[in-house]
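Here is a sequence together with a model predicted from it:
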Number of protein chains: 4
Amino acid sequence: MPMDIQSTLDEITEMMDARAERGHVANYVPELAQVDPNQFAISVVTAAGAQFNAGACNVGFSAQSITKVFTLAIALGRSGDQIWQRVGREPSGNAFNSIVQLEQENGIPRNPFVNAGAIVTTDEVLAGRAPKQALAEIVGFVRAAAEDADIHINEAVAKSEQAHGHRNFALAHFLADHGNLRNAPELTLGTYFHQCAIELTTAQLALAGRFLMGADAGPRMVAQSRVRRMNALMLTCGHYDGSGDFAYRVGLPAKSGVGGGILAIVPGAASIAVWSPGLDRNGNSKLGTEALERLAHHMDWSIF
Amino acid sequence: MPMDIQSTLDEITEMMDARAERGHVANYVPELAQVDPNQFAISVVTAAGAQFNAGACNVGFSAQSITKVFTLAIALGRSGDQIWQRVGREPSGNAFNSIVQLEQENGIPRNPFVNAGAIVTTDEVLAGRAPKQALAEIVGFVRAAAEDADIHINEAVAKSEQAHGHRNFALAHFLADHGNLRNAPELTLGTYFHQCAIELTTAQLALAGRFLMGADAGPRMVAQSRVRRMNALMLTCGHYDGSGDFAYRVGLPAKSGVGGGILAIVPGAASIAVWSPGLDRNGNSKLGTEALERLAHHMDWSIF
Amino acid sequence: MPMDIQSTLDEITEMMDARAERGHVANYVPELAQVDPNQFAISVVTAAGAQFNAGACNVGFSAQSITKVFTLAIALGRSGDQIWQRVGREPSGNAFNSIVQLEQENGIPRNPFVNAGAIVTTDEVLAGRAPKQALAEIVGFVRAAAEDADIHINEAVAKSEQAHGHRNFALAHFLADHGNLRNAPELTLGTYFHQCAIELTTAQLALAGRFLMGADAGPRMVAQSRVRRMNALMLTCGHYDGSGDFAYRVGLPAKSGVGGGILAIVPGAASIAVWSPGLDRNGNSKLGTEALERLAHHMDWSIF
Amino acid sequence: MPMDIQSTLDEITEMMDARAERGHVANYVPELAQVDPNQFAISVVTAAGAQFNAGACNVGFSAQSITKVFTLAIALGRSGDQIWQRVGREPSGNAFNSIVQLEQENGIPRNPFVNAGAIVTTDEVLAGRAPKQALAEIVGFVRAAAEDADIHINEAVAKSEQAHGHRNFALAHFLADHGNLRNAPELTLGTYFHQCAIELTTAQLALAGRFLMGADAGPRMVAQSRVRRMNALMLTCGHYDGSGDFAYRVGLPAKSGVGGGILAIVPGAASIAVWSPGLDRNGNSKLGTEALERLAHHMDWSIF
């Protein structure tokens, strides 16, 4: 089986490296737009602790929305189920940065994985502290989960996000207008933009995701009952308005980021990180999705 | 284990029978409004073929939207992936009978489990035949899946649905206006209303759902790869705008109906049918959901 | 002045006849799609009773939505202000046949000049009678207003509207679902489609519009206070989602139809009918609007 | 006639002063919430230059959205019809501060009288200057129009608007995200909040509105053709989602503000200012609207 995983990853990587049609790199900030689309990496850590890598698995990329998973874990740890009074648990049926549904539902974001929802969980983590302190907690969580003290925030990306973040400023002020923001918009957003800018390799991300396997694999960051619920949210909401399609094709709880990364979980069995910068029309990694579809099928890892 | 399942079902039934707060029975047609809310039933069939029942497991109820699963299976069998050109695979973010999203997305329903989507799959199954023939195929499918020739359509419910079905007529004409209906609206809707009116007991429904376990449990109605995809759809879209919440709480692929029934699948392990007529605000069985939450937790059946 | 009106109409007609860019003829029913776009007509009746015509002023065209004005007048006559419990008085901010706003506002159409609103006023006029009787009243009203017994319904157009009227069937059933339809959808729609198919020349239409001048010009069909209010509605809602633009450019109360006709009123001064089949993107006559803009400017007829 | 106007205003004022049901005072900023609802004032200036006042006509109130008319006049003067590439001319069909339509129409506000639209016209007037300079131009315009150098901005109101302006910050950032804001959001909004806080009496406002009569009444601030178009916009869009109702009941171009003021224009005949702080559900002065309805009816001033 270990041998099989490695050879499967190698085969998939070879196949993906040969793809001409790779989607479009996110271009809303210069730092992301400059990333070379011709990159691919995949890493797997099993419940037994074995690690397998293929492709550019040591190249750091911007985690972006994938960090929403870690921020939610911290927010749940701090506030428990009370967080669900500020954010829902339903798929959005809209783009990740839509403001329409927010108005129709009176300032309660649909789920913690759309931007507005993650601004709320970040606001919950910030909790009146200086952004620096909250960021230390978030980065500390990721480092502890991955057991890797080198994980850091890319300051240039964070600054660029801030400079081009009008849509997120609109969302934050809108939340504030509905009384669903406890810190000043610029403080919550400062924290939000910086945590989005955490940089990871697939090797690091697969390690950081171990706690979501829920099988005593790696450091136990949250309780088992919470792990299951986070996986449920990742399955129904983890790929924006492409979540249904991802569940249909891949069949695994997963969270994508516009940096081109995806973290996917095989409950009780494996944590998978994949990265390819080109995105499909829903903002999810095009080759990353295809790689996961092939891997899940080959390993019989679908949860369904 | 078998002993354990039976005693768990008995405990849950006892607990549910004692509940005062049972939700509201669907009241849009007189036949459903007359159902006594003080009823509860639950049935489980395991992959090994053992069957367990508790409560009013021999009382027939109106399957309603649960039949959308069977109609989808038939439509996929007839047309394969071509059906996805007429209907999407994404959660709706709206009520089950909303017409808004249909207009915004040019007549392509979000998924086969909202009303508009099921009208499309029914239209695909009808395929130019007389409604009687298509209905024979649908009822035949359910009977074969349950290995029970007594399963039938409740004509009074079907007629009442038709008489009060203005919303569904609106959806069908809207689909027709967008060129996404191949048969006359009244023929497709005649078929649709009748298949909604199939009557089942939980004992029958649990048997009818065996094929979705995907483990050679009961008659093989569809291929294994398709079973997984249907389960993925049930998980992301099976409970209307409460699908995320159901996944979070129960963690099983499932489809609900406004008759108060729910069919839930534990892949590779069990087919579960539960029934209690009172509904929550999303139109899903209130006690049925709670019963499934307890059962899944006790049996460690969550897929996450 | 009379001489001036005639020469102005002649000049405008000559200019319009020379236009190459004429918009697109409505094509949702074959009968309208076949109309030759290279036609233009304009007629004016003054408060003093003088009539001026230019272009194809004796060619009949399908009045379509223009009849919504007459139906509203009859509904107001039958029910007075009670009609406003079933339909609003606000511009729609949406396409003429949108169903979205209808869902968001619980089955109360925004105004009597969008399709759903006119289905409601038609339903009010039908009032339990046979469609034939209601149609006799509507045609009778138009004939009386124009003092011309030759005005009639084009049966072929009415039948074609009915055969291609899925969108309107959707609207009617949607209204029925919200309890805002008193007659069976097929009866109200049968009446609706037939009144849309009334055929008029610009000469006839300008005469039929006299009562909206409110100056004892022609037969008095409704009270003066009601005339003003109908003109207010025509100004704010008479051109669908192009009403603001029409008010800005032309500055007159007016109602357009997809047959390419427009009826415009200069309160106390003139009734104007213009016709050119090509439509702009909002479904209003392209050359008709331009002709009215020129005429209103030349005659200093803007109400602002 | 002059005598008649004065006695009519006196009668109306007496009637309004006796009203118990006065609507609710705007409460989103403390400065507006503190205003005593038991106040009423009305002022009329005729084309001949005669002025008539009744009630608390010398009490200053916050002009709020009424200033959108002056800002539009300046923006049109600076940029002409090019402003229509950044903002539409259609009624909104939504609340004055809705963000939904802004998303659906890609950052182009429906018209210059909803908040988002006025932020755009303010942005056009700001044009790279310091807010102080733009504000000097706006206040200067109002002073010139009223021929009254005492008109000023209430700094406390401006500061309070800024402190509670999350919704407008959301709108401005949203416009910026769509490339429809040329100055930094905080600069445009600083200008916007201050111009909203211009304080006027009804006597001053009626004088400031003279130029919209278009009859060489008072200082000529804009060309006659532009006056007509501004009046058309006021009629179709001047009362938010109550514009249709206002046109129906009053029949005059007018612009309301949440401070409880309304400026109404009788083209060629009169400029009317009315003030009563209590608002109806659409955010328009309840008694102000009724007073205008009575005055327009009594004077036969409807434009229809």
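Perfect, I can see it now.

Which residues of the stretch 1-150 of chain A lie near chain D?
Contact residues (Cβ under 8 Å from any Cβ of the partner chain) of the stretch 1-150 of chain A with chain D: A:98-100, A:103-104. All C-beta spots, glycine's among them, are computed from the backbone N, C-alpha and C.

Among those residues, which one sits closest to residue A:6?
residue A:98 (40.9 Å; Cβ to Cβ).

how deep is that closest one tucked in, by neighbour count?
By the criterion of other Cβ atoms under 10 Å in any protein chain shown, residue A:98 has 23 neighbours.

where's residue A:4 relative to residue A:10, distance?
Counting by Cβ to Cβ, to the nearest Å, the gap from residue A:4 to residue A:10 is 11 Å.

okay, those two: which has more neighbours?
In terms of neighbours (other Cβ under 10 Å), residue A:10 is the more surrounded of residue A:4 and residue A:10; the figures are 15 against 11.

what about the residue lying closest to that one once chain neighbours are set aside, how many neighbours?
Spatial nearest neighbour of residue A:10, excluding adjacent residues (Cβ to Cβ, 6 or more residues apart in numbering or on different chains): residue A:54 at 5.3 Å. Using other Cβ under 10 Å, residue A:54 has 25 neighbouring residues.

Determine whether the claim that residue A:54 is in a strand is correct.
Yes - counting by DSSP: H, G, I helix; E, B strand; the rest coil, residue A:54 is found in a strand.

where along the stretch 101-250 of chain A do the strands fall?
Using DSSP state E, counting those that start in this stretch, the strands found in the stretch 101-250 of chain A span residues A:152-153, A:198-200.

CSV please, covering these and showing distance to residue A:79.
What follows is the strands of the stretch 101-250 of chain A, written out as CSV (distance: least, Cβ to Cβ, whole Å):
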stretch, distance to residue A:79
strand A:152-153, 24
strand A:198-200, 22
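
Find the one among these with the highest mean neighbour count.
strand A:198-200 (a mean of 25; mean count of other Cβ atoms under 10 Å in any protein chain shown).

Direction included, what does that one pair against?
When pairing is defined by DSSP bridges, strand A:198-200 lines up against strand A:61-62 (antiparallel), strand A:152-153 (antiparallel).

what's the offset of the first one from the middle of its chain?
The gap between the average C-alpha position of strand A:61-62 and the chain average comes to 11 Å, counting by Cα atoms, centre = their mean, to the nearest Å.

Just after that strand, pick out the following helix or strand.
Following strand A:61-62 in sequence order, the next helix or strand is helix A:67-79 (DSSP states H and E).

can you give me how far that following helix is from the chain middle?
Using Cα atoms, centre = their mean, the offset of helix A:67-79 from its chain centre is 12 Å.

Let me see the mean pLDDT of that helix.
Predicted confidence along helix A:67-79 averages 97 (mean pLDDT).

Can you point out the buried residues in it?
Residues A:67-77, A:79 are the ones in helix A:67-79 that count as buried (16 or more other Cβ atoms under 10 Å in any protein chain shown).

picking that back up, what would the strands of the stretch 101-250 of chain A look like in TSV with mean pLDDT?
TSV is the format used below for the strands of the stretch 101-250 of chain A (pLDDT from 0 to 100):
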stretch	mean pLDDT
strand A:152-153	98
strand A:198-200	98
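
Please name the nearest non-neighbouring residue to residue A:8.
residue A:298 (5.2 Å).

Okay, and that neighbour sits in which element?
Assigned by DSSP H and E, residue A:298 falls within helix A:286-299.

Next up, the contacts around residue A:124.
Going by Cβ atoms under 8 Å, 6 or more residues apart in numbering or on different chains, residue A:124 touches A:75, A:78-79, A:83, A:86, A:182.

ok, now which ones touch the closest residue to it other than its chain neighbours?
Computed as Cβ to Cβ, 6+ apart, the closest residue to residue A:124 that is not its neighbour in sequence is residue A:75, at 4.4 Å. Residue A:75 makes contacts with A:83, A:112, A:121-122, A:124-125, as judged by Cβ under 8 Å, 6+ apart.

Distance of the residue nearest to residue A:8 relative to residue A:12?
8 Å.

who's more crowded, the two?
A count of neighbours by other Cβ under 10 Å puts residue A:12 above the other of residue A:298 and residue A:12, at 23 against 15.

Contact partners for residue A:262?
Going by Cβ under 8 Å, 6+ apart, residue A:262 touches A:66, A:254-256, A:273-275, A:284-285, A:288-289, A:292.

Shouldn't it be within a strand?
Yes - looking at residue A:262 with three-state DSSP, it is inside a strand.

Tell me what it is bridged to.
Note on residue A:262: beta-bridge partners by DSSP bridges are residue A:256, residue A:274.

Report how many residues lie close to residue A:287.
Using other Cβ under 10 Å, residue A:287 has 28 other residues around it.

Enumerate every residue touching it.
Contacts of residue A:287 by Cβ under 8 Å, 6+ apart are A:16, A:19, A:22-23, A:40, A:276, A:278.
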